[in-house]
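Asks: Using only what follows, build the 3D model:
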Amino acid sequence: IANGSNSVMYWHWHSIHNAIESYWKGILSHDFSENETYREAASIGADWKRIGPHLSNLQKKNRAAILLDNNSLTGLRLFPLKDLGNYSYNTVARWLGDALYHLNIEYDMISSAERDFSSYECLIVPALYSASEDLLTAISDYVKNGGHLITTFRSGFSDEQLKIYADTQPHILQECLGIHYDQYTYPVDVSVTLPDFMTHPSCSGHENAASDAGSSCSDESCTNSSKCLHWMDLVTCDTATPLFFYDHPVWKKYAAATVNQFGKGSALYLSSMFDGALLEKVLVHYFASLPETLLAHPECHFPLIIREGVNDFGKRVRFYFNYSGEKQTAICKGFSGTELLSGRKIMEQETLPPDRAVINQTEVEHISTAEDPPYCLVSEDGFLLVFRKNQTDVCLYTHIPIADFPKEEQDKLRQGIWFATMMEVYSYLESYTS
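Replies: Numbering: from 1, shown residues only. Got it, this is the predicted structure:
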C-alpha cells in the first residue's frame with residue numbers, strides 16, 4: 001500500500017492438506033479455525049475500511065530508478081561471478097537496491113528497453129553485461145545532459161548476442177565514466193578501506209580522497225573496511241577521480257571506486273563488490289555531492305523505513321515502519337498532519353509513536369492538475385464505478401446502487417458525471433448517501 005498498491009492478496013485462504021503446498025500456510029490453519037493470523041488480517045481490513053480513502057490510488061514520483069536487463073541476467077549465468085552462479089546478476093542488483101532501501105531512497109525499476117531517462121535525477125545500472133550500442137549511448141547522453149549515474153563492474157562489456165566489444169572497456173561509457181580497464185580478476189585476499197571523510201562527514205576537510213584511502217577512523221564502533229567480493233575490475237582513471245583503491249600489494253594502484261564529472265552530470269563507478277554497509281557510506285557521500293541530494297530522510301535508516309505519496313485529496317501521506325523488535329525514534333519533518341491509525345494530531349518536529357504511523361498531511365499542497373486525469377462516476381450493472389479519463393481503468397468500486405439516487409441523478413449517472421478530483425467524487429456521493 002505504501003508503495004502505491006491498492007490491495008494486498010493473501011495466498012492461501014486456508015492451509016492446503018496435501019501435495020507440495022501442504023506447508024504453504026494460509027490465513028486459516030489446517031483446522032479451518034479462527035486464529036491469530038486471521039484476527040490480524042481482520043484488524044488490518046478494519047483499518048483499511050476506516051482510512052482506505054486516504055490511502056487508495058497513492059501517486060508516487062520517484063527521483064531514482066534502477067535499470068534492469070534480462071540479457072545481462074542471462075549473460076552472467078553463462079559467465080558468472082565468483083561463487084554466485086545463476087544468481088550473479090540478481091545479487092548485484094539486490095546489493096544496490098538494498099542499499100537504497102536502507103537509506104530510505106525510493107526508486108522505480110525500469111526496463112532496459114527504455115531510452116529516455118530524463119525524468120529521473122539518478123539512474124542506477126547494475127552489471128549491464130549485455131547492452132546494445134544505442135542503450136549505452138542513451139545512458140551516456142543522460143549523464144551529459146545533467147543526469148547522475150551509478151553503475152558497476154561488468155557493464156558495457158558485450159553486445160545483445162553476448163559478443164564482447166573489441167575496443168576499450170567499458171564500451172561507449174569510457175568517456176562518461178572517465179575510466180578504462182583491460183584486466184579483471186576474481187578477488188583473493190583483497191579488501192578496500194574507506195577514507196575517514198567518507199565514513200564521517202565531520203572529516204570533510206580532506207582534500208584528496210585517494211591519498212587518505214588507507215587512513216583509519218578513531219570511532220572503533222565504525223567499520224570502514226571490507227573484503228572485495230566476487231569480481232574486481234582493474235580500473236585506471238582517465239578523467240575520473242579515484243575514491244579509494246584496493247588494499248593489496250599488487251592491485252593497490254587500481255581504483256575500487258571512482259567518480260567523474262561528464263557534461264552537466266556525474267557518474268559513480270564501482271569496480272568491485274564489498275560489504276553493503278560500506279556501499280551505503282559510498283552512496284551517502286556521492287548523493288551529498290549532487291546539486292539536490294536524494295537523501296530525503298537522512299536522519300532515518302533501516303530498520304526505520306519511510307514511504308510517501310500523494311493521495312486523491314492532493315495530500316501527502318507518509319508511512320513510518322519499524323522493522324525491528326525494538327522501539328525506534330522518528331520525528332515528523334516537512335509537514336503537520338493526522339496520524340490516521342490513532343487519529344492523533346502530529347505537529348512538525350514532533351516525535352512519532354515507536355512502532356508504526358501513517359501521517360496524513362493537514363494542509364493540501366498546491367499540486368498541478370494538468371497531468372491528473374478527471375474521474376467519471378458512472379453506473380454499470382446497477383452499481384456506481386469510478387473510471388479514469390480513458391474510461392477503461394476502474395479506480396473505485398463504490399458498491400453503491402444507482403437506485404439510492406433521485407431519478408434525475410440516475411439519468412446523469414447512466415451517462416456518466418465527470419469530476420476533476422476524487423475529493424469531488426466523495427463529496428458528491430456523501431451528499432446523496434449520508
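Asks: which residues in the stretch 51-200 of the chain form strands?
Replies: Taking DSSP state E, counting those that start in this stretch as the test, the strands found in the stretch 51-200 of the chain are 64-68, 107-111, 122-125, 148-152, 179-180, 184-185, 191-193.
Asks: what about these, which gets the closest to residue 56?
Replies: The closest of the strands of the stretch 51-200 of the chain to residue 56 is strand 107-111. By C-beta to C-beta, the value is 20.1 Å. Yep, even glycine has a C-beta here, placed from its N, CA and C like the rest.
Asks: other SSEs contacting the closest one?
Replies: strand 64-68 (3 or more C-beta pairs under 8 Å, 6 or more residues apart in numbering; DSSP states H and E).
Asks: contact partners of the strand it packs on?
Replies: 93, 96-97, 100, 105-112, 114, 117, 120-126, 128, 294 (C-beta atoms under 8 Å, 6 or more residues apart in numbering).
Asks: ok, now stretch 256-265?
Replies: With C-beta under 8 Å, 6+ apart as the test, stretch 256-265 has contacts from 140, 142-149, 175-179, 192, 228, 232, 235, 237, 239-246, 266-272, 274, 282, 286, 289.
Asks: so where's the stretch 51-200 of the chain shaky on pLDDT?
Replies: Across the stretch 51-200 of the chain, the ranges flagged by pLDDT under 70 are 199-200.
Asks: can you do 80?
Replies: Scanning the stretch 51-200 of the chain for pLDDT under 80 picks out the ranges 197-200.
Asks: for it, what spans make up the helices?
Replies: 70-78, 88-102, 133-144, 174-177, 196-199 (DSSP state H, counting those that start in this stretch).
Asks: Generate TSV for the strands of the stretch 51-200 of the chain, with mean neighbour count as supplementary columns.
Replies: Below are the strands of the stretch 51-200 of the chain laid out as TSV (neighbours: other C-beta atoms under 10 Å):
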stretch	mean neighbour count
strand 64-68	20
strand 107-111	14
strand 122-125	26
strand 148-152	25
strand 179-180	21
strand 184-185	16
strand 191-193	21
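Asks: TSV for those, including distance to residue 413?
Replies: Putting the strands of the stretch 51-200 of the chain into TSV (distance: least, C-beta to C-beta, whole Å) gives the following:
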stretch	distance to residue 413
strand 64-68	40
strand 107-111	37
strand 122-125	46
strand 148-152	49
strand 179-180	63
strand 184-185	66
strand 191-193	65
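Asks: among those, which is nearest residue 325?
Replies: So among the strands of the stretch 51-200 of the chain, strand 107-111 is nearest, using C-beta to C-beta, at 27.2 Å.
Asks: Give me the sheet partners of that closest one and which way each runs.
Replies: With DSSP bridges as the test, strand 107-111 is paired with strand 64-68 (parallel).
Asks: Against residue 14, how distant is the nearest residue to residue 111 once chain neighbours are set aside?
Replies: Take residue 111 and drop its neighbours on the chain: the residue closest to it by C-beta to C-beta, 6 or more residues apart in numbering is residue 68, 6.7 Å away. Distance from residue 68 to residue 14, counting by C-beta to C-beta, to the nearest Å: 35 Å.
Asks: Equivalent analysis for residue 185, please.
Replies: With distances taken as C-beta to C-beta, residue 185 is found 53 Å from residue 14.
Asks: Next: residue 25.
Replies: Using C-beta to C-beta, residue 25 is found at 9 Å from residue 14.
Asks: which non-adjacent residue is nearest the most centrally placed residue in the chain?
Replies: Centroid-nearest residue in the chain, with C-alpha atoms, centre = their mean: residue 107, separated by 2.7 Å. Nearest residue to residue 107 in three dimensions, chain neighbours excluded: residue 64, at 4.2 Å (C-beta to C-beta, 6+ apart).
Asks: got it, and residue 115?
Replies: Nearest to residue 115 is residue 138, by C-beta to C-beta, 6+ apart, at 4.4 Å.
Asks: Also residue 176?
Replies: residue 140 is the one closest to residue 176 (C-beta to C-beta, 6+ apart), at 4.3 Å.
Asks: Pretty sure the residue nearest to the centre of the chain sits against residue 93.
Replies: No. Assessed by C-beta atoms under 8 Å, residue 107 is found out of contact with residue 93, at 11.5 Å.
Asks: list the buried ones in the one helix or strand residue 385 maps to?
Replies: Using DSSP states H and E, residue 385 sits within strand 383-387. The neighbour-count check on strand 383-387 (16 or more other C-beta atoms under 10 Å) flags 384, 385, 386, 387 as buried.
Asks: likewise stretch 346-362?
Replies: Buried residues in stretch 346-362, counting neighbours by 16+ other C-beta under 10 Å, are found at 346, 352, 353, 357, 358, 359, 360, 361.
Asks: just stretch 46-56 next, same as before
Replies: 51, 53, 54, 55, 56.
Asks: what does stretch 383-399 give?
Replies: Residues of stretch 383-399 classed as buried by neighbour count (16+ other C-beta under 10 Å): 384, 385, 386, 387, 388, 395, 396.
Asks: show me the contacts for residue 180.
Replies: Contacts for residue 180 were tallied using C-beta under 8 Å, 6+ apart; they are 168, 169, 170, 174, 235, 236, 238.
Asks: ChimeraX command for the buried members of those?
Replies: To isolate the buried members of those in ChimeraX, using 16+ other C-beta under 10 Å:
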select :169,170,174,235,236
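Asks: For the contacts of residue 180, could you give me CSV that also reports distance to residue 255?
Replies: Converted to CSV, the contacts of residue 180 look like this (distance: C-beta to C-beta, whole Å):
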residue, distance to residue 255
168, 16
169, 14
170, 14
174, 14
235, 5
236, 7
238, 11
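Asks: Among the contacts of residue 180, which one lies nearest to residue 422?
Replies: Closest to residue 422 out of those is residue 170 (46.8 Å), distances taken as C-beta to C-beta.
Asks: so the closest one sits right up against residue 177, yeah?
Replies: Yes. With contact defined as C-beta under 8 Å, residue 170 counts as touching residue 177 (6.5 Å).
Asks: Count the neighbours of the nearest residue to residue 285 once chain neighbours are set aside for me.
Replies: For residue 285, ignoring the flanking residues on the chain, the nearest one in space by C-beta to C-beta, 6+ apart is residue 198 at 4.7 Å. For residue 198, the neighbour count with other C-beta atoms under 10 Å is 26.
Asks: what do you get for residue 314?
Replies: A count of nearby residues for residue 314, using other C-beta under 10 Å, gives 18.
Asks: ok, now how distant is it from residue 59?
Replies: Separation of residue 314 from residue 59 (C-beta to C-beta): 10 Å.
Asks: Break down the stretch 251-400 of the chain into its strands, ranges please.
Replies: 255-262, 265-270, 272-273, 304-310, 316-322, 337-339, 344-346, 356-361, 375-380, 383-387, 394-401.
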